[in-house]
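Undergrad: Fold the following, please.
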Amino acid sequence: MDLSARYLGLSLASPLVPSASPATESLDSLKRLEDAGAGAVVLPSLFEEQIRSEERTLEHFLRRGAESYAESLSYLPEPADYGLVPEEHLERVRRAKEALRIPVIASLNGSTPGGWTAYAERLEAAGADALELNIYRVAADIAVSGAVVEEEALAVVRDVRGRVSLPLAVKLGPYYSALGNMASRLVGAGADGLVLFNRFLQPDVDLEALETRPKLLLSGPQAQRLPMTWVALLHGRLGSASLAATGGVQTAEDALKMVMVGADAVMMAAELLRRGPGHLSAVLDGMRRWMSEHEYESLAQMKGSMSQLFGADPSAFERANYVKTLRGYHL
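TA: Predicted structure coming up:
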């Protein structure tokens, strides 16, 4: 049974890719994921805020006392020239590359254009096989238009693309006014693939302390429908760009559905956190059983067969299905 896949130009033994999360944090967990059949791994993200914090700290100490010896500043490089970065993050990439045989994808998380994107070069130098650019922004400023938000995201992608030659995936949220157009523009800006979707994590309210506090709710099966729909809509419409589906994938059936609508890679996190790395083996075994029972010899045979482009009922992903679904519901 051929479960091989191609994602971002990389050859994967399977389409299952653990996404950036605590599940890919330790080297031991990464090795267990590889042994369980992961096609590749995405390491935890390095955040724009981490890089900027390092730069601010360095600048503070460089300029301390400069009011007395201002001329001394001319002998010191600016913070960006120091290359001061969270070295432990680079070391994580290096160790993963040395220990694993499968592709290692680094993750860079940010939202605004700026010098922090230079860190992409350092991740490439550390040995990453590909880079996932995680664009995370809650557009809450009522004075900022959607067009501005989109252009800033595109600027980040263009900046990173100009700095690295390795394959670049962009992980984005679903909250763009014209998502299909934005997907096409991201590919035009240099993305080799898209990861659908970034999940916005909302805080909770503590009624006793009267505070907002972070509270992570792991995704469930209901989270699959949104990425499944958009992978189906975009499959075959973005040239050679890869599509990865992420959100709510728990079982072999979930993974097979994502491949059938057109996903090149199927990412998992929540269920790995619940059940551990070995759960990947169970998912792959289930995929093989289903394919055998339905006389599929490879994933390539089924990929995209249920997308809007090739599906028997293209309207299932459009407004016609919306009307039909609502009218067909009875108490």
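Undergrad: from here on, contacts and neighbour counts on C-alpha atoms
TA: OK.
Undergrad: In contact with the residue lying closest to Pro214 once chain neighbours are set aside, which residues?
TA: Leaving aside its sequence neighbours, Pro214 sits nearest to Pro203 (CA to CA, 6 or more residues apart in numbering; 4.5 Å). Pro203 sits next to Thr212, Arg213, Pro214, Lys215 when contact means CA atoms under 8 Å, 6 or more residues apart in numbering.
Undergrad: Mind listing what's buried along the strand or helix carrying Glu91?
TA: Assigned by DSSP states H and E, Glu91 belongs to helix 87-99. For helix 87-99, the neighbour count (16 or more other CA atoms under 10 Å) marks His89, Leu90, Arg92, Val93, Arg94, Ala96, Lys97 as buried.
Undergrad: quick revisit: read off the pLDDT value for the residue nearest to Pro214.
TA: At Pro203, the pLDDT value in this model is 82.
Undergrad: cool, and Ser74?
TA: Value for Ser74, per-residue pLDDT: 44.
Undergrad: Also Ser14?
TA: 98.
Undergrad: can I assume it sits in a strand?
TA: No: according to DSSP: H, G, I helix; E, B strand; the rest coil, Ser14 belongs to no strand; its state is coil.
Undergrad: That one: what's it in contact with?
TA: With CA under 8 Å, 6+ apart, Ser14 has these contacts: Leu3, Ser4, Ala5, Gly37, Ala38, Gly39.
Undergrad: that older thread, show me what secondary structure element comes after the helix holding Glu91.
TA: Scanning onward from helix 87-99 (DSSP H and E), the first element met is strand 104-110.
Undergrad: what about that following strand, average pLDDT?
TA: 94.
Undergrad: helices or strands up against that strand?
TA: strand 41-47, helix 48-63, helix 87-99, strand 130-135 (3 or more CA pairs under 8 Å, 6 or more residues apart in numbering; DSSP states H and E).
Undergrad: Pick out the shakiest of these, pLDDT-wise.
TA: Least confident of the helices and strands packed on strand 104-110, judged by mean pLDDT, is helix 48-63 with a mean of 56.
Undergrad: Now distance to Glu295 too, for the helices and strands packed on strand 104-110, in CSV please.
TA: Below are the helices and strands packed on strand 104-110 laid out as CSV (distance: least, CA to CA, whole Å):
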stretch, distance to Glu295
strand 41-47, 29
helix 48-63, 47
helix 87-99, 36
strand 130-135, 34
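Undergrad: closest one to Tyr296 among those?
TA: Ranking the helices and strands packed on strand 104-110 by proximity to Tyr296 (CA to CA) places strand 41-47 first, at 26.0 Å.
Undergrad: Tell me which strands that closest one pairs with, and in which orientation.
TA: strand 104-110 (parallel) (DSSP bridges).
Undergrad: Residues in contact with the strand it pairs with: which ones?
TA: Outside strand 104-110, the residues that reach it (CA under 8 Å, 6+ apart) are 20, 40-49, 93, 96-97, 120, 123, 128-137.
Undergrad: Distance to Met291 for the buried residues of helix 87-99 - can I get that in TSV?
TA: Output for the buried residues of helix 87-99, formatted as TSV (distance: CA to CA, whole Å):
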residue	distance to Met291
His89	39
Leu90	40
Arg92	36
Val93	35
Arg94	37
Ala96	32
Lys97	32
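Undergrad: between the residues you listed, which is closest to Ala169?
TA: Val93 (17.0 Å).
Undergrad: what residues are up against that closest one?
TA: Leu43, Val104, Ala106, Leu123, Ala126, Gly127, Ala128.
Undergrad: Out of these, which comes closest to Arg288?
TA: Nearest member of the contacts of Val93 to Arg288, counting by CA to CA, is Val104, at 24.7 Å.
Undergrad: Would you mind naming the residues that bridge with that closest one?
TA: Applying DSSP bridges, one finds that Val104 bridges with Val41.
Undergrad: I'd like the distance between it and Arg137.
TA: Using CA to CA, to the nearest Å, Val104 is found at 25 Å from Arg137.
Undergrad: what do you get for Gly9?
TA: 28 Å.
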